[in-house]
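Enquirer: Starting from these lines, generate the structure:
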Amino acid sequence: MTESGAVEREQGNGRDPDAVSAFVEGFAAQLVEAGMQRMAARVFAALLASDAGALSSAELGEQLQVSPAAVSGAVRYLSQVHMVSREREPGSRRERYRVHSDQWYEALTNRDAILKRWGQTLRVGVDSLGAETPGGQRIAETLAFFEYLEGELTKLMERWREERARIFGESS
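Expert: Reported below is the predicted structural model:
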């Protein structure tokens, strides 16, 4: 299969390449507005929209009209935040990048670990400044918010697993 094989195959599946491109760029723009890096957002949206959920660096570069270096940097970021994974193509040294059906769960779970670390640091801040000082009170309120958010995320993700199984018949 040629490097452009996946792109050609998806176009042959009745997909309108212009409509797919418009979706990818539109969703990527919304992810950028929410704080994601621009190229990472474009790569993520392209993977999400692909039939296989996986594309090679060359296929991503062709679809997004960007350099392999731009794809590499985006994939590095997306891998760090657990939104994509790397896999080897069978019989090849080439890597493919895959988005998983549970990418949002993985991304939020990763944020949960960040909230825990921030909570630990904020506790030190409250102790260091004193809970009765204005700075200590602000930090204590921030800590209380993160603790609340952490508890709610856990409950929310459990409800999502149940809803996902109900809608799509999949178990987590």
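Enquirer: for the longest helix anywhere in the chain, the distance to its chain's centre please.
Expert: For the chain, the longest helix by residue count, based on DSSP state H, is helix 134-168. Chain-centre distance of helix 134-168: 18 Å, with CA atoms, centre = their mean, to the nearest Å.
Enquirer: Nearest residue to Thr21 in space, ignoring adjacent ones along the chain?
Expert: Wrong residue type there; residue 21 is Ser, not Thr. Nearest residue to Ser21, sequence neighbours excluded (CB to CB, 6 or more residues apart in numbering): Gln63, at 7.8 Å. C-beta here means a position set from N, CA and C on the backbone, and glycine is covered the same way.
Enquirer: Name the SS class of the one you found, please.
Expert: At Gln63 the chain is in helix, as set by DSSP: H, G, I helix; E, B strand; the rest coil.
Enquirer: For Arg93, see how far away it is.
Expert: Distance of Gln63 to Arg93, given as CB to CB, to the nearest Å: 22 Å.
Enquirer: what's the burial count for Thr142?
Expert: Other residues lying near Thr142 total 15 when counted by other CB atoms under 10 Å.
Enquirer: give me phi/psi at Arg86?
Expert: The phi/psi pair for Arg86 (degrees, to the nearest 10) reads phi -100, psi 140.
Enquirer: circling back: tell me what the longest helix of the chain is packed against?
Expert: Secondary-structure packing of helix 134-168 (3 or more CB pairs under 8 Å, 6 or more residues apart in numbering; DSSP states H and E): helix 103-129.
Enquirer: Tell me which residues of the helix it packs on come out buried.
Expert: 103, 105-106, 115, 119, 122, 125-126, 129 (16 or more other CB atoms under 10 Å).
Enquirer: average model confidence for whichever strand or helix holds Val71?
Expert: Following DSSP states H and E, one finds Val71 within helix 68-80. Averaged over helix 68-80, pLDDT sits at 93.
Enquirer: I would like the residues contacting that helix, please.
Expert: With contact meaning CB atoms under 8 Å, 6 or more residues apart in numbering, helix 68-80 is reached by 37, 39-40, 42-44, 57-58, 60-61, 64, 84-86, 97.
Enquirer: chain center to it: distance?
Expert: Centroid separation for helix 68-80 versus its chain: 12 Å, with CA atoms, centre = their mean.
Enquirer: just the CA coordinates of it, formatted as PDB?
Expert: Provided in PDB are the C-alpha atoms of helix 68-80 (Å, rounded to 0.1, in the frame of the first residue of the first chain):
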ATOM      1  CA  PRO A  68       6.800  15.200   9.100                       C
ATOM      2  CA  ALA A  69       8.500  17.300  11.800                       C
ATOM      3  CA  ALA A  70       5.200  19.100  12.600                       C
ATOM      4  CA  VAL A  71       3.400  15.700  12.900                       C
ATOM      5  CA  SER A  72       6.200  14.300  15.100                       C
ATOM      6  CA  GLY A  73       5.900  17.200  17.500                       C
ATOM      7  CA  ALA A  74       2.200  17.000  17.700                       C
ATOM      8  CA  VAL A  75       2.200  13.200  18.200                       C
ATOM      9  CA  ARG A  76       4.800  13.600  21.000                       C
ATOM     10  CA  TYR A  77       2.500  16.000  22.800                       C
ATOM     11  CA  LEU A  78      -0.600  13.900  22.200                       C
ATOM     12  CA  SER A  79       1.200  10.800  23.500                       C
ATOM     13  CA  GLN A  80       2.300  12.600  26.700                       C
END
